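Q: model this:
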Amino acid sequence: MHFVGIDLAWGENKPTGLAVLDADGRLLHVSAQTTDETIATALKPFVDRDCLVAIDAPLVVVNDGGNRPAEAALNRDFARFDAGAHPSNTSKPELSGTPRGARLAKALRLDMDPASRSPRRAIEVYPHPAIVALFRLGRTLKYKNKQGRPLSQLRSELLRLMSLIEGLADAPLPMHVTGQAEWRSLAAAAATAERKSDLRRVEDQVDAVVCAYVAMYAERRPDGTTTYGDFESGYIVTPTLPEGHRPSPRDASATDGVSADPVRLAVQAYAAMQPELREATDRYVALVTTLLDEAGINYLSVSGRTKSVASFAAKAARSVDGDAVFSDPLTEITDQIGVRVITYLRSDVAAVADVLAEDLAILGDRDLGQETADEGQWGYASRHLLVGPGAPSGTSDQVPERIAQVQIRTVLQHAWAEFEHAIRYKGTIPEEKAPELDRRFTLAAGLLELADREFSMIRDELEASAAHQNPEADAGDPRIRSEDLATFLAGRYADAGWSRTDHYAWVSGLLLELGITSLDELDGLLTSVDGEAINARMDYRYPAGAVRRLDDALLAVFGTRYLGLHGNAHREALLRTRLERLRAPVDQPDR
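A: This is a model prediction of the structure:
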């Protein structure tokens, strides 16, 4: 199914914005057209089958003066947000006959009845109230050209809207626009616009994207959608105004009534910070990955996300009994940067937290799984660390000057959390089904906790048995095979955990650079190493993986030669810091 948005111009001499989303909310098409013929041609590939087309223009107008009943009803809800609709009536020349929107819908053979369930339909929408409702804005964004609005304001407000739209990628009903080349071109054009006419060409297409999203929202979230009016007298479909949502107070000193509401100002500031936050997120992901790799921790993935403007705006606007939850959203909302580490086993969750505590300042630590267990229940399980700069370490200069939230969970905990979120927040659960689904989610959480424990026991059994195996070398390959090396190290470092599979292959390459091509050679080398002295100097505060233990042993034996290996070029500075620790004297206990 396709969801189409049309920001329809009154006449064929002005541009009409078009946008198309696929069933998953991905932007497939965005453009500007003029005539009905070019519009129909551009949309033909997307409306021949199931589709919902949202048109920003009147479709049904029968009153000869004043507002339609739909406009009067919508204005009662949205006028105080500056999002009221202008009157539509047949006294206006462009609406005296069949409105252009209705002509276009008929040309595309679309059913215009909002109550119809026809597979190919058109509905009338209006972007301004939709934007207020979707993003919980205190007033409309002032990106439309009106007298007294300077270019700088129009550009800033349009860019903010585009940032909000991009943030819908993280919404319960997601839309993805940034992967589309035309959208990126629109963003660049808006940022560099030097004339109001330049912005107008962008604005029409951005409005069309909003219309397309409203079409998808109306189809997927009917309980969160309001239809003002009816098919007989005219109607407007829009996301429902959130209950209790209030307009921002007007600031008499603000241009064109733009509010100085603290939440609005915080959202504007946050939108301006997005490029810096995205860069900091990438740096955190790279840093956490490096720290875990250096520690030899076995993990599945490390990923990051920058909180979208839409998500920030919704959180900043939260209130309890009419009182704002956040007095200073920019500092009190601490998950603006998020990093997620997925491990295989529960014991690795604690190991990851210990590793991060060595190089990052831990500003907060919540084990949500333990909190749930302490209540005698099963459910969401994830460890959340609030981290930032400040810990004295060799990587302190790599830590961004921002706070980040790091979520650490096992792959099974992650699967439960993602599925639960998708069902509860992205689906519609009938009220009568909620108790039974709650019970089943609880049962699933308990079973997954049991599975996590079983996997840990399986790992322990495999590590214990690996210590007694005698792998045979492959004469056709000078490198020590990853599987053989893993088995050998499990016996050599019985108290160490497994490392990532690719790390065994990587350290095997380092051994080859050192001229070590057999397990016998490696065994002979390690026999001469004082493992207890290395452990004392490194002072591991986490269960270092087997590859890390071997890595430190090789560093202790070969010193600066090990630093210069080709396979270590990307981490020479880190190794140099570790080498200094290996060569430092160990404090002797008092006698």
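Q: just the helices in the stretch 301-450 of the chain please.
A: 309-316, 329-332, 346-359, 368-374, 411-426, 434-466 (DSSP state H, counting those that start in this stretch).
Q: Give the helix, strand or coil label for the nearest residue to Glu94 once chain neighbours are set aside.
A: Computed as C-beta to C-beta, 6 or more residues apart in numbering, the closest residue to Glu94 that is not its neighbour in sequence is Trp10, at 5.2 Å. C-betas here are computed from N, CA, C, even on glycine. For Trp10, the assignment made with DSSP: H, G, I helix; E, B strand; the rest coil gives coil.
Q: Isn't Trp10 up against Pro93?
A: No. Trp10 is beyond contact range of Pro93, at 9.6 Å (criterion: C-beta atoms under 8 Å).
Q: Which of the two has more residues huddled nearby?
A: Trp10 (14 against 8; other C-beta atoms under 10 Å).
Q: ok, now how distant is that one from Val302?
A: Between Trp10 and Val302 the computed distance is 52 Å (C-beta to C-beta, to the nearest Å).
Q: do Leu277 as well
A: 18 Å.
Q: the more surrounded of those two?
A: Neighbour totals were compared for Leu277 and Val302, and Val302 leads with 21 against 18 (other C-beta under 10 Å).
Q: how about the more buried one, what does it touch?
A: Residues counted as contacts of Val302 (C-beta atoms under 8 Å, 6 or more residues apart in numbering) are 285, 288-289, 292, 339-342.
Q: And the pLDDT at it?
A: Listed pLDDT for Val302 reads 94.
Q: So which of the contacts of Val302 is the closest to Trp498?
A: Leu292 (13.2 Å; C-beta to C-beta).
Q: what angle separates the helix or strand hosting that closest one from helix 309-316?
A: Using DSSP states H and E, Leu292 falls within helix 262-295. Interaxial angle, helix 262-295 versus helix 309-316 (axes from the mean of the first three to the mean of the last three C-alpha atoms, to 10 degrees): 110 degrees.
Q: Now helix 262-295: average pLDDT?
A: pLDDT averaged over helix 262-295 gives 86.
Q: by contact count, what packs against it?
A: helix 151-167, strand 299-306, helix 309-316, helix 329-332, strand 337-343, helix 346-359, strand 404-410 (3 or more C-beta pairs under 8 Å, 6 or more residues apart in numbering; DSSP states H and E).
Q: Tyr493: which of the ones you listed is closest?
A: Comparing these by C-beta to C-beta, helix 346-359 comes nearest, at 14.6 Å.
Q: what about the strands in the stretch 1-150 of the chain?
A: Ranges of strands in the stretch 1-150 of the chain, per DSSP state E, counting those that start in this stretch, are 2-7, 16-21, 27-33, 51-55, 120-124.
Q: could those strands go into TSV alongside mean pLDDT and mean neighbour count?
A: Shown next, in TSV, are the strands of the stretch 1-150 of the chain (pLDDT from 0 to 100; neighbours: other C-beta atoms under 10 Å):
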stretch	mean pLDDT	mean neighbour count
strand 2-7	96	27
strand 16-21	95	28
strand 27-33	94	20
strand 51-55	96	26
strand 120-124	96	25
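Q: Could I get these in TSV, plus columns for distance to Pro247?
A: TSV is the format used below for the strands of the stretch 1-150 of the chain (distance: least, C-beta to C-beta, whole Å):
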stretch	distance to Pro247
strand 2-7	25
strand 16-21	27
strand 27-33	30
strand 51-55	25
strand 120-124	24
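Q: in the stretch 51-200 of the chain, which ranges drop under the pLDDT threshold?
A: For the stretch 51-200 of the chain, no stretch has pLDDT under 70.
Q: picking up where we left off before, closest one to Asp328 out of the contacts of Val302, please.
A: For the contacts of Val302, the nearest to Asp328 is Val339 (23.4 Å; C-beta to C-beta).
Q: Mind pulling the model confidence for the closest one?
A: On the pLDDT scale, Val339 gets 95.
Q: count of residues packed around it?
A: 22.
Q: which ones are touching it?
A: Counting by C-beta under 8 Å, 6+ apart, Val339 has contacts 281, 284-285, 288, 302-304, 404-407.
Q: out of those residues, which one sits closest to Ala83?
A: Of those, the one sitting nearest to Ala83 (C-beta to C-beta) turns out to be Thr281, at 32.8 Å.
Q: pLDDT below threshold where in the stretch 401-550 of the chain?
A: Along the stretch 401-550 of the chain, segments meeting pLDDT under 70 span 416, 419-434, 437-438, 441, 445-446, 455-456, 458-477.
Q: follow-up on the earlier one: export the contacts of Val339 to a markdown table and tack on distance to Gly138?
A: As requested, the contacts of Val339 are exported to a markdown table (distance: C-beta to C-beta, whole Å):
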| residue | distance to Gly138 |
| --- | --- |
| Thr281 | 28 |
| Tyr284 | 32 |
| Val285 | 34 |
| Val288 | 37 |
| Val302 | 37 |
| Ser303 | 33 |
| Gly304 | 30 |
| Ala404 | 29 |
| Gln405 | 27 |
| Val406 | 33 |
| Gln407 | 31 |
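Q: Show the buried residues in those residues.
A: Among these, those classed as buried by 16 or more other C-beta atoms under 10 Å are 281, 284-285, 288, 302, 304, 404-407.
Q: Which one of those is nearest to Glu483?
A: Nearest member of those to Glu483, counting by C-beta to C-beta, is Val302, at 24.6 Å.
Q: Tell me how far the residue lying closest to that closest one once chain neighbours are set aside lies from Gln398.
A: Once flanking residues are discounted, Val302 sits nearest to Thr289: 4.7 Å by C-beta to C-beta, 6+ apart. Thr289 sits 12 Å away from Gln398, going by C-beta to C-beta.
Q: Need the pLDDT of Arg49.
A: 92.
Q: What count of nearby residues applies to it?
A: Arg49, neighbours per other C-beta under 10 Å, totals 10.
Q: likewise Val341?
A: 27.
Q: beta partners of it?
A: Note on Val341: beta-bridge partners Val302, Ile408, judged by DSSP bridges.
Q: residues contacting Arg201?
A: For Arg201, the contact set (C-beta under 8 Å, 6+ apart) comprises 15, 32, 189.
Q: how about 7 Å then?
A: Arg201 makes contact with 15, 32, according to C-beta atoms under 7 Å, 6 or more residues apart in numbering.
Q: again with the one 3 residues further on
A: By C-beta under 7 Å, 6+ apart, Asp204 lies in contact with 7, 15-17, 32.
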